[in-house]
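# predicted model and sequence follow; I will ask about them next.
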Amino acid sequence: MEKVLEVKDLHVTFTTYGGEVQAVRGVSFDLYKGETLAIVGESGCGKSVTSQSIMRLIPSPPGRIADGAVQFKGKDLTKLKESEMRDIRGADISMIFQDPMTALNPTITVGEQIIEGIMQHETISRQDARKKTLEMLNLVGIPNPSERLKHYPHQFSGGMRQRIVIAMALVCEPEVLIADEPTTALDVTIQAQILDLFKDIQKKTGVSIIIITHDLGVVAQVADRIAVMYAGKIVEAGERREIFYKPQHPYTKGLLNSVPRLDLDGADLIPIGGSPPDLFAPPAGCPFAARCNFAMEVCDRVYPYKTHLSRDHHVDCWLQDERAQKMLAGVK
Ligand code: SF4
């Protein structure tokens with residue numbers, strides 16, 4: 001499979017009066033052409049900071065990409081000048097945020113906003129930009145697009161506004177689309193429609209998608225692969241079926257046990273006790289140790305190495321170590 005984006009050992013910090021917050025601590029992953037990668041985890045785990053770092057949208061200061069690389073089309077995005085990044089944003093990599101109103105200017109018609117976006121990135125006549133806008137509004141399911149492009153954002157429902165934002169993000173045919181909690185602000189039925197729209201558009205355009213979410217229901221519907229983040233690290237990643245049916249990290253298992261599952265009839269919901277560690281001073285060992293029912297002495301002291309279980313499935317947990325496996329099997 002063709003790799004379109006490569007994030008390597010990314011570290012992001014925020015300098016505050018209280019000290020330095022290590023929000024992202026060595027995140028690495030690849031994104032392949034035409035796939036959907038979901039990055040999941042609790043609030044504050046670093047998933048949105050990771051996606052904003054790819055786009056170089058971290059406010060700096062206080063934020064800073066302290067180390068690592070984001071390889072895209074032979075370039076390391078972390079090293080580009082702001083003017084070079086402006087050319088990439090929207091044209092090659094686009095982003096959709098949770099609240100569509102933050103991405104739309106309430107004083108300009110939606111048609112004008114999309115046309116302006118196209119003309120910023122492409123050498124194209126206004127007439128052709130309008131034609132492209134109509135095609136895109138049609139593709140995202142806005143009825144009667146030639147009339148609707150004259151309307152202002154407040155004249156659309158929440159679901160329709162998110163469709164418009166998706167149209168804006170895709171109109172310049174980017175290779176990568178990053179969607180940060182794209183359905184959180186929407187009703188459940190509209191959520192399902194928007195997720196179907198993502199799948200439909202991906203089939204038609206071949207765009208690679210990164211979805212950032214805390215919602216495993218969203219992940220189950222759209223993801224090809226899943227990366228589970230905890231305390232600034234990817235602690236487990238794999239294909240969707242591997243994560244849902246063969247999770248290995250106790251945190252991944254905890255996440256799955258804490259949401260209702262239609263495939264597990266009558267199973268009790270079990271919340272994960274405790275709270276994530278303080279990222280001002282993250283622990284030297286496994287950051288999940290204080291909440292983990294399987295924690296061993298080594299977990300507090302040393303961060304576990306990565307164990308590869310299949311081509312895509314890997315996990316950072318001492319339980320994968322041969323010695324722990326023997327103990328679990330009752331062999332001394
Ligand atoms: Fe639990 Fe230890 Fe695995 Fe961390 S490394 S998840 S504390 S068993």
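Nice, thanks for sending it over. Source: prediction; values computed, not measured.

# tell me how far the residue of the stretch 51-200 of the chain found nearest the ligand lies from Ser94.
As assessed by C-beta to the nearest ligand atom, the ligand sits closest to Gly68 within the stretch 51-200 of the chain, at 22.9 Å. For every residue, glycine as well, the C-beta is placed using N, CA and C. Here the criterion is C-beta to C-beta, to the nearest Å. By it, Gly68 lies 22 Å from Ser94.

# which one's more surrounded, these two?
When neighbours are counted by other C-beta atoms under 10 Å, Ser94 comes out ahead of the other of Gly68 and Ser94, with 25 against 18.

# where's the more buried one, which helix or strand?
Under DSSP states H and E, the secondary-structure element containing Ser94 is strand 93-96.

# for the residue of the stretch 51-200 of the chain closest to the ligand, give me its contacts.
The neighbours of Gly68, taking C-beta atoms under 8 Å, 6 or more residues apart in numbering as the test, are Val7, Lys8, Asp9, Leu10, His11, Gly26, Val27, Ser28, Thr78.

# the third one against Asp67, yeah?
I take that to be Asp9. Yes - between Asp9 and Asp67 there is a contact under C-beta atoms under 8 Å: 6.5 Å.

# more neighbours: which of those two?
In this comparison of Asp9 against Asp67, neighbours counted by other C-beta under 10 Å, the higher total goes to Asp67 at 15 against 11.

# leaving out the residues flanking it, which one is nearest to the more buried one?
Leaving aside its chain neighbours, Asp67 sits nearest to His11 (4.1 Å; criterion: C-beta to C-beta, 6 or more residues apart in numbering).

# going by neighbour count, list what's buried in the helix or strand that contains the one you found.
Secondary structure assigned from DSSP H and E places His11 in strand 3-16. Of the residues in strand 3-16, those buried under the neighbour-count criterion (16 or more other C-beta atoms under 10 Å) are Val4, Leu5, Val7, Lys8, Leu10, His11, Val12, Thr13, Phe14.

# how far off centre is that strand?
Computed by C-alpha atoms, centre = their mean, to the nearest Å, the chain-centroid distance of strand 3-16 equals 13 Å.

# for stretch 269-288, same thing?
Once both centres are worked out by C-alpha atoms, centre = their mean, stretch 269-288 turns out to sit 21 Å from its chain's centre.

# and that stretch, C-alpha only, in PDB?
Once side chains and other backbone atoms are set aside, the C-alpha atoms of stretch 269-288 remain, and they are given as PDB (Å, rounded to 0.1, in the frame of the first residue of the first chain):
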ATOM      1  CA  LEU A 269     -20.400  -1.600  31.400                       C
ATOM      2  CA  ILE A 270     -17.300  -1.300  33.500                       C
ATOM      3  CA  PRO A 271     -15.800   2.200  33.800                       C
ATOM      4  CA  ILE A 272     -12.000   2.700  34.000                       C
ATOM      5  CA  GLY A 273     -11.200   3.800  37.600                       C
ATOM      6  CA  GLY A 274      -8.800   6.600  38.400                       C
ATOM      7  CA  SER A 275      -7.500   9.300  36.100                       C
ATOM      8  CA  PRO A 276      -4.700   9.800  33.600                       C
ATOM      9  CA  PRO A 277      -1.200  10.900  34.900                       C
ATOM     10  CA  ASP A 278      -0.100  14.500  35.200                       C
ATOM     11  CA  LEU A 279       1.700  15.300  32.000                       C
ATOM     12  CA  PHE A 280       3.800  18.000  33.700                       C
ATOM     13  CA  ALA A 281       5.800  15.100  35.100                       C
ATOM     14  CA  PRO A 282       4.800  11.900  33.300                       C
ATOM     15  CA  PRO A 283       5.800   8.700  35.000                       C
ATOM     16  CA  ALA A 284       9.000   6.900  33.900                       C
ATOM     17  CA  GLY A 285       7.200   3.600  33.500                       C
ATOM     18  CA  CYS A 286       3.800   2.700  32.000                       C
ATOM     19  CA  PRO A 287       1.500   5.800  32.300                       C
ATOM     20  CA  PHE A 288      -1.500   3.400  32.800                       C
END
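
# which outside residues touch it?
Under the criterion C-beta under 8 Å, 6+ apart, residues 18-23, 25, 42, 44-45, 230-233, 235, 249-251, 254-255, 257-260, 289-292, 295, 298-304, 316-318 lie in contact with stretch 269-288.

# at 7 Å instead, please
When contacts are defined by C-beta atoms under 7 Å, 6 or more residues apart in numbering, stretch 269-288 is touched by residues 18-19, 21-23, 25, 42, 44-45, 230-233, 250-251, 254, 257-258, 260, 289-291, 299-304, 318.

# among the residues you listed, name the ones in strands.
Within these, membership in strands is found for Gly19, Val21, Gln22, Ala23, Arg25, Tyr230, Lys233, as judged by DSSP state E.

# can you tell me which of these is nearest Ala103?
Within the ones in strands among the contacts of stretch 269-288, distances to Ala103 taken as C-beta to C-beta reach their minimum at Ala23, with 22.9 Å.
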